[in-house]
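Peer 1: I would like to see how this sequence folds:
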Amino acid sequence: MYLLLLALLGMARGAHSTYGAFDLQSLALGALPLALAAAAQAVIVISGGIDLSVGPVMAVFNVTAARLMVDQEMGGALLIAAGILVAGVLAGALNGVLVTASRVPDIIVTLAMSFVWGGVALLILGTPGGGAPQQFLDLAGATSLSEWISNAFLFLAVCLAVIWIPVRRSRLGLAIYAIGSDPVAAFRSGIDVRRSKIAAYAIGGLFSACGGLALTATTGIGDPLSGNLYTLAGVSAIVLGGVSLAGGRGGILGPVAAAFVLTLLPTVLIFLGVDANYSQVIQGVLVVAVVMVGGLATLRRRTA
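Peer 2: This next block holds a predicted model:
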């Protein structure tokens, strides 16, 4: 996936000689919400589940931030953002509790919750609007270190480093991978499968809250329908990024790189004079190809 991203960047540069720092900033801004949606989905899928409410949850926190921050200074905006992150953990944990308590398949529970969260977003803000202080928008839209390194990229790096690295290196991270690989074996080894599953959903909710804040910072407004794109696109990103839909295998960086690939692909097609609508076709072909290759590899290992 990293090589594909580099190849697309090379194609963009080759087809458009002026492709440079500003374009990389635009790429980082466009990919930031999808990368965080992919991270949220990846944690949950690694644990053996799936969450079809990631997009609507992001929309809830997008409109919440835009409505509450509109007349705030930077200090107030940061306090609101902190509260949203806590709410993200609780929202994700709620999904996890419903999945584990009902014993209904994750896909059914989270699909139902996607309608609930989508309705909540519309109740908070019926139409696009709201706003945030300029300093908060600069957290994603400006450049602090270099014109080649957008703050959006730094925002993403901080989210991944603060949330995922400690989890991945902890006993909780091992438990999440274990229950995704084989929940029965994990239970027999002393892992609390139910709590680990809820924790995975809570972490996914935290990433979704970061995604909602990223939407506010990148667009400057709240849109109750803004999350519709990110659920299925996030699933595509994790598949392309090497996360097994069966659980227990994969990481976060691959899906994040895939999010950049999916964001960059339409631009490259435009530069090459190809209808950008073909990006959806190419995306679908890539997902099917990756799934088929993974399935054939698994089958070969079992029959070897």
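Peer 1: OK, contacts around the residue nearest to the spatial centre of the chain?
Peer 2: Residue closest to the average C-alpha location in the chain (C-alpha atoms, centre = their mean): Ala37, at 1.4 Å. By C-beta atoms under 8 Å, 6 or more residues apart in numbering, the contact list for Ala37 reads Val54, Gly55, Met58, Phe207, Ser208, Gly211, Tyr230, Thr231, Ala233, Gly234, Ala237, Ala259. Quick note: C-beta positions are derived from backbone N, CA and C, even for glycine.
Peer 1: what are the buried residues along the helix or strand containing it?
Peer 2: Per DSSP states H and E, Ala37 falls inside helix 21-46. Of all the residues in helix 21-46, those buried under the rule 16 or more other C-beta atoms under 10 Å are 23-25, 27-46.
Peer 1: tell me how far the nearest residue to Ala81 once chain neighbours are set aside lies from Leu32.
Peer 2: Once flanking residues are discounted, Ala81 sits nearest to Leu213: 5.6 Å by C-beta to C-beta, 6 or more residues apart in numbering. Note on Leu213: its distance to Leu32, by C-beta to C-beta, to the nearest Å, is 10 Å.
Peer 1: any weak-confidence spans in the stretch 151-300 of the chain?
Peer 2: By pLDDT under 70, the low-scoring segments of the stretch 151-300 of the chain are 276, 294-300.
Peer 1: which parts of it are helices?
Peer 2: 151-159, 165-168, 171-181, 183-188, 193-219, 230-240, 253-271, 278-303 (DSSP state H, counting those that start in this stretch).
Peer 1: what's the closest of the ones you listed to Met69?
Peer 2: Counting by C-beta to C-beta, Met69 lies closest to helix 193-219 out of the helices of the stretch 151-300 of the chain; the figure is 7.2 Å.
Peer 1: what's the closest one packed up against?
Peer 2: helix 21-46, helix 54-69, helix 74-102, helix 134-141, helix 151-159, helix 171-181, helix 183-188 (3 or more C-beta pairs under 8 Å, 6 or more residues apart in numbering; DSSP states H and E).
Peer 1: which of these sits most buried?
Peer 2: helix 54-69 (a mean of 29; mean count of other C-beta atoms under 10 Å).
Peer 1: export only the CA atoms of that helix, formatted as CSV.
Peer 2: Taking Å, rounded to 0.1, in the frame of the first residue of the first chain, the C-alpha atoms of helix 54-69 are listed here in CSV:
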residue,chain,number,x,y,z
VAL,A,54,-18.4,5.0,12.4
GLY,A,55,-19.5,7.6,9.9
PRO,A,56,-22.7,8.7,11.7
VAL,A,57,-20.7,8.9,15.0
MET,A,58,-18.2,11.2,13.3
ALA,A,59,-21.1,13.3,12.1
VAL,A,60,-22.5,13.6,15.6
PHE,A,61,-19.3,15.0,17.0
ASN,A,62,-18.7,17.2,13.9
VAL,A,63,-22.0,19.0,14.4
THR,A,64,-21.6,19.1,18.2
ALA,A,65,-18.2,20.8,17.8
ALA,A,66,-19.5,23.2,15.2
ARG,A,67,-22.5,24.2,17.2
LEU,A,68,-20.7,24.6,20.5
MET,A,69,-17.5,26.2,19.2
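Peer 1: what packs against that helix?
Peer 2: Where contact means 3+ C-beta pairs under 8 Å, 6+ apart, helix 54-69 is packed against helix 21-46, helix 74-102, helix 106-124, helix 193-219, helix 230-240.
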